[in-house]
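[1] Sharing a sequence plus its predicted fold:
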Amino acid sequence: AVHQNERLRHLAVAHALTGNAEQAAELRTELETRLQEATSELNKLEAEQAADKQAEDVTKAAAKQDDKAAEDNAAKEAVKGEADKGEADKGEADKNETAEPPQTTATGEAAGSTDATAAADTDVTPAADDAAATETVATADEVAADDNASDSQQAEDKKTDGKKAAENRKRRQKERDDSIKKLKESKEKLEKQIAAIQACELASDKQWEPALEAWDKSDLDDKLLKAEWMVEANKQDEAFELVTKEIDSKPGEVLPLAVMSWLKYRTASATAASETFEQLRLLASTADLDTPLLDRLKPLAAELGFDE
């Protein structure tokens, strides 16, 4: 598509500069349609990008609030745990203080026998209760361990799924970012190509000021052609400055000297163009004098007394 756009642009510029306005306008319209399509797709992707960014910001804010709530709950639980522990310690201390000391009896062996029997009777039930309690605790611990393992696995699975989702989201974002970058580049090129065609169309209609304005927005880079348009727009000083830079940067080349000779001849006189034309004549002795840029200098040559 890029190469095709370039081809359409070059054809349209050539048509515009040679007066084929209808063909130039048709090709320009084709590029304008492609620009509209690229702009529409770019706007769509940028809207999706903005929506995802907003959703991501909301998610981050919610996660931050959740983390803060979890920290607050942990702090409350810690305070509550310390309070419960303090109450438990206090209760145990109170119980120890109020416990009655073991009683002794002076009745001798009979009393001892009675105490032993009572102790035996009271020892049976607590032992059974302790065994049952131990078994219950063990069972509860096993259930809790299973629950913890299940919760841990679920958390791990959730973490894995979240990681995969994040990777997929990152991949899609990169693909979209790449598409946005390419569309922006394509849009910019199309805008410059269309401006180049418009500049040439305006110049063909001798609308020199608007043509130069369109030139500055285009990808046209022929400084010698721009200088000629500047002269037509009554910007002679800028035109001569531009051509002088071309002559200095390209010593020994025919075209900059040919354009300078023509511009001085057009805006001043044959005498004003004589010095530059003499330099050109020495360089162009073997050049094709029938090319448009040299052929139009024949009247100048005749005025200066040079044979064709």
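    Looks like it came in fine.

[2] all contacts plus neighbour counts: C-alpha atoms, from now on.
    Will do.

[3] So in the protein, where's the weakest helix or strand by average pLDDT?
    Every helix and strand in the chain was compared by mean pLDDT, DSSP states H and E; the lowest is helix 109-204, with a mean of 74.

[4] then stretch 175-186 to PDB, C-alphas only?
    Backbone C-alpha positions of stretch 175-186 (Å, rounded to 0.1, in the frame of the first residue of the first chain) are rendered in PDB as follows:
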ATOM      1  CA  GLU A 175       0.100  -5.400  18.700                       C
ATOM      2  CA  ARG A 176      -2.300  -2.400  19.000                       C
ATOM      3  CA  ASP A 177       0.500   0.000  19.800                       C
ATOM      4  CA  ASP A 178       2.400  -1.200  16.700                       C
ATOM      5  CA  SER A 179      -0.700  -0.800  14.600                       C
ATOM      6  CA  ILE A 180      -1.300   2.700  15.900                       C
ATOM      7  CA  LYS A 181       2.300   3.700  15.200                       C
ATOM      8  CA  LYS A 182       2.100   2.400  11.600                       C
ATOM      9  CA  LEU A 183      -1.200   4.100  11.000                       C
ATOM     10  CA  LYS A 184       0.100   7.400  12.300                       C
ATOM     11  CA  GLU A 185       3.100   7.100   9.900                       C
ATOM     12  CA  SER A 186       0.800   6.200   7.000                       C
END
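
[5] neighbouring contacts of it?
    By Cα atoms under 8 Å, 6 or more residues apart in numbering, the residues outside stretch 175-186 that reach it are 2, 38-39, 41-42, 45-46, 49.

[6] okay, those in CSV with neighbour count and distance to T160 next?
    Output for the contacts of stretch 175-186, formatted as CSV (neighbours: other Cα atoms under 10 Å; distance: Cα to Cα, whole Å):
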residue, neighbour count, distance to T160
V2, 9, 42
A38, 19, 38
T39, 16, 39
E41, 15, 34
L42, 20, 34
L45, 17, 29
E46, 15, 30
Q49, 16, 25
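
[7] Kindly present the residues you listed as JSON lines, with separate columns for secondary structure and pLDDT.
    Converted to JSON lines, the contacts of stretch 175-186 look like this (DSSP: H, G, I helix; E, B strand; the rest coil; pLDDT from 0 to 100):
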{"residue": "V2", "secondary structure": "helix", "pLDDT": "84"}
{"residue": "A38", "secondary structure": "helix", "pLDDT": "95"}
{"residue": "T39", "secondary structure": "helix", "pLDDT": "96"}
{"residue": "E41", "secondary structure": "helix", "pLDDT": "96"}
{"residue": "L42", "secondary structure": "helix", "pLDDT": "96"}
{"residue": "L45", "secondary structure": "helix", "pLDDT": "95"}
{"residue": "E46", "secondary structure": "helix", "pLDDT": "92"}
{"residue": "Q49", "secondary structure": "helix", "pLDDT": "87"}
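
[8] Now render these as CSV, adding distance to P299.
    Putting the contacts of stretch 175-186 into CSV (distance: Cα to Cα, whole Å) gives the following:
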residue, distance to P299
V2, 44
A38, 50
T39, 51
E41, 55
L42, 54
L45, 60
E46, 59
Q49, 63
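
[9] Kindly indicate which of those lies nearest L263.
    Lowest distance from L263 to the contacts of stretch 175-186 (Cα to Cα) belongs to V2, with 36.5 Å.

[10] could you measure that closest one against A284, distance?
    In this view, V2 and A284 are 38 Å apart by Cα to Cα, to the nearest Å.

[11] before we move on, back to that, tell me the helices and strands packed up against whichever helix or strand comes after the least confident helix or strand of the chain.
    Later in the chain than helix 109-204, the nearest helix or strand by DSSP states H and E is helix 208-216. Here helix 208-216 is seen to pack against helix 109-204, helix 223-232 when contacts are counted using 3 or more Cα pairs under 8 Å, 6 or more residues apart in numbering; DSSP states H and E.

[12] E156 - how many residues pack around it?
    Here the count is done by other Cα atoms under 10 Å, and E156 has 12 residues near it.
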